[in-house]
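S.K.: I'd like to go over a predicted model; first the sequence, then the structure.
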Amino acid sequence: MIQQPKQHKKSTVIPVLLIVSAAVTAAAVLFVLSFVVINGIGKISLRFLFTAPKGFDVNEGGIFPAIISTIYLGAVAGIAGLVCALPVSISLCFFVKNAQLRATIRLMLYALAAVPSIILGLFGYTVFVKYMHFGKSLIAGGLTLGIMIFPFLEQRIEKALTELDELLLLSAYSIGLSKRYTIMHIVLPLIKADIIRAAALYIGFAIGATAPIILTAAVLIAPVPTRLTDPVMALPYHLYLLVSEGIDMESAYATACVLLVLVLCINTAAVYFNGSGKTHGKPVKQ
């Protein structure tokens, strides 16, 4: 009888805390979005969105090359990140049996995820710009961003793999299907939606990064790139220049607003890939 009031109090406090935390988070997001939109909406026009800068004054003209180049950077980063993340995730889930080796690989992935973005930018500058002679270019910046999102993509894909129904895999093995065939024709189609969603979410993360592309890809003024080796304008770097030089804060807010809308569009598209085709059940043993 004495414990019932305490249990009732505990069961009431937790939902209240959840509601309060959700309300605070939503309020913070709405405040940031509304602040940026209110300060930048007056500058946004068709001319601002669909024309190129005039001369070397970043305040003249529009930001069309920066918008397209930012999308290109995200695409290259997503492809590079997936090319690295998929094999590592599949290997850890299906082929690496040594627990110590698996733990070592994961430790290295965690360490890579913790590396500051400016350090990754310096790495990309040294390897891609200087050593591989790409120069400041779309490919150098995209690969650097791909390295930045690679460990996060790997964790999401590995999580999707471990949540597959183990009975499904055992059934495939029991009828004589090889592990390679099972992975290529059963496992990957089942987690395709999860892979696409993870890639879209982290592409949105990549296109907002400034430090890596300052050293590897972005320049003051450039047209829309036609080759992977072309230098690029980019929305984060353009925003950085407008703010750091104090050129035009209204244009800075307008650029930030466009970048926010671009990221929100990518993230919203990712929500539709909700992994509805996944077969749930007993997780795959590692």
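M.R.: All right, it came through fine. Residues are numbered from 1 along each chain as shown.
S.K.: can you give me phi and psi for Pro53?
M.R.: phi -60, psi 150 (degrees, to the nearest 10).
S.K.: surely Ala52 meets Ala66?
M.R.: No: look at Ala52 against Ala66 with Cβ atoms under 8 Å: they stay out of range, at 9.1 Å. For glycine as for every other residue, the C-beta is placed from the backbone atoms N, C-alpha and C.
S.K.: Mind checking which of those two has more residues around it?
M.R.: A direct count of neighbours by other Cβ atoms under 10 Å for Ala52 and Ala66 places Ala66 higher, at 27 against 16.
S.K.: Quick check: closest non-adjacent residue to the more buried one.
M.R.: Met233 (4.0 Å; Cβ to Cβ, 6 or more residues apart in numbering).
S.K.: same check, this time on Arg227
M.R.: Leu138 (7.6 Å).
S.K.: Hmm, that neighbour is touching Thr70, no?
M.R.: No: contact status for Leu138 versus Thr70: not in contact, 10.6 Å apart, counting by Cβ under 8 Å.
S.K.: Sketch out the low-pLDDT regions of the stretch 151-286 of the chain for me.
M.R.: By pLDDT under 70, the low-scoring segments of the stretch 151-286 of the chain are 273-286.
S.K.: where exactly do the helices run in the protein?
M.R.: 3-40, 46-50, 64-90, 99-113, 117-124, 138-162, 166-174, 179-182, 188-190, 192-206, 211-216, 235-244, 249-271 (DSSP state H).
S.K.: Please identify the deepest-packed of the ones you listed.
M.R.: Ranked by average neighbour count under the criterion mean count of other Cβ atoms under 10 Å, the helices of the chain are headed by helix 211-216 at a mean of 26.
S.K.: nearest to Arg227, of the helices of the chain?
M.R.: helix 138-162 (7.6 Å; Cβ to Cβ).
S.K.: Just want the angle from the closest one to helix 117-124.
M.R.: With axes from the mean of the first three to the mean of the last three Cα atoms, to 10 degrees as the basis, helix 138-162 and helix 117-124 are set at 120 degrees to each other.
S.K.: Which strands and helices lie in contact with helix 138-162?
M.R.: Packed against helix 138-162 by the contact rule (3 or more Cβ pairs under 8 Å, 6 or more residues apart in numbering; DSSP states H and E) you find helix 64-90, helix 99-113, helix 117-124, helix 192-206, helix 211-216.
S.K.: TSV for those helices, including distance to Tyr272?
M.R.: Converted to TSV, those look like this (distance: least, Cβ to Cβ, whole Å):
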stretch	distance to Tyr272
helix 64-90	17
helix 99-113	26
helix 117-124	29
helix 192-206	8
helix 211-216	28
